[in-house]
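Chemist: Kindly generate the corresponding structure for this input.
(one chain, ligands or ions: 1)
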Amino acid sequence: MSLRTCWLNGSFMAEEHAHVSIFDRGLLFGDGVYEVAAVFNGRLLDADRHLVRLARSQREIGIPAPYDGATLEAMMQEVATRNGITEGLVYLQVTRGAAERDFSFPAEVHPTAFAYARAKKLSDDPNASGVKVHPVPDIRWQRCDIKSTAMLAQVMAKQAARESGAFEAIMHENGLVTEGGSSNMWIVRDGVAYTRPTSSDILAGITRDVIFDVADEVGVKVVRRAFTLEQAYAADECLLTSATSFVLPVTQIGQHQVGGGAPGPITKRLRDGYLARAARLTA
Ligand code: PMP
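Modeler: Numbers count the residues shown, from 1 in each chain. Sure thing, here's the model as predicted:
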């Protein structure tokens, strides 16, 4: 890994100098929140939406916002630019900060905020030819709407997926699919795209949100309704959405082949529509 320029608590610095305390509550308790935004054509994509969600996550767990959205957006763009990223991502994390270890909020504590960038192929993603996903029980807490860094359940789920040769874990609860380990899941049946309604059971993905608009543009009907694993097995198409994978066709769920094992036409329309919008916004 080459040395990157990172940002930590207001300053840009080489990765080797970006250190946080062993008493940081992000490290001790997973007491922090984060965002990941794509970089396309060298420009941040939908940073405003990501920063609105970050502010909400912080509010929900009572971490104050030391920087405003405009400052963070400019900083994230600069992190991408300084590292020469044309396609990739910027990661931004805010923790409650470092203090003597005590579960409840310390009286005197200042948030730790940091960001780094990483290159990743987005327009020409080899996964666009279809990925396998691996179903696992959803064992997470009941506030999955908060983009928390406490993600042991997803770490275990995605490791199980990798061990079964799958790209992503698909979590399910009471027979219903909740979402992917780090993505939202959709199915297509008779030309209609279904995804689980927004609730505290899932993260309201920014990409999912954007796809609601893209679907309108490209003439795909969307219904916000939960679906079972069996409905996913039998679907015409399945797809995943996330900021750093955009739209990916799912062609296999566990042992079940989906949609004849090839990407379907609705998925392709949504992916192409998403890419066209990304190109438009970053031109
Ligand atoms: N669900 C979970 C659990 C995630 O971690 C992510 C990735 N941040 C998503 C959905 C997709 O959200 P977004 O489109 O904002 O990347």
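Chemist: residues contacting Ala55?
Modeler: By CB atoms under 8 Å, 6 or more residues apart in numbering, the contact set of Ala55 is Ala65, Gly69. Every C-beta, even on glycine, is put in place using the N, C-alpha and C of the backbone.
Chemist: if I look at it, how far off is the ligand?
Modeler: 14 Å (CB to the nearest ligand atom, to the nearest Å).
Chemist: Test for you: state the pLDDT assigned to that residue.
Modeler: Per-residue pLDDT puts Ala55 at 98.
Chemist: Please compute how far the host helix or strand of it lies from its chain's middle.
Modeler: Here Ala55 sits within helix 47-61, counting by DSSP states H and E. In terms of CA atoms, centre = their mean, to the nearest Å, the centre of helix 47-61 is found 13 Å from the chain centre.
Chemist: C-terminal to it, what's the next element?
Modeler: helix 69-82.
Chemist: in that following helix, what counts as buried?
Modeler: Neighbour-count burial for helix 69-82, counted by 16 or more other CB atoms under 10 Å, picks out Leu72, Glu73, Met75, Met76, Gln77, Glu78, Val79, Ala80, Thr81.
Chemist: of these, closest to the ligand?
Modeler: Proximity of these to the ligand was ranked by CB to the nearest ligand atom; the top entry is Met76 with 14.4 Å.
Chemist: wait, the closest one sits on Ala37?
Modeler: Yes: at 6.5 Å, Met76 and Ala37 qualify as touching, with contact defined as CB atoms under 8 Å.
Chemist: How about stretch 113-124 and the ligand, any contact?
Modeler: No: Stretch 113-124 does not reach the ligand (CB under 6 Å from any ligand atom); its nearest approach is 12.3 Å.
Chemist: In that stretch, which residues are buried?
Modeler: Result for stretch 113-124 [16+ other CB under 10 Å]: buried residues Ala113, Phe114, Ala115, Tyr116, Ala117, Arg118, Leu122.
Chemist: Could you do stretch 127-140 as well?
Modeler: Those would be Ala128, Gly130, Val131, Lys132, Val133, His134, Pro135, Val136, Asp138, Arg140, for stretch 127-140 by 16+ other CB under 10 Å.
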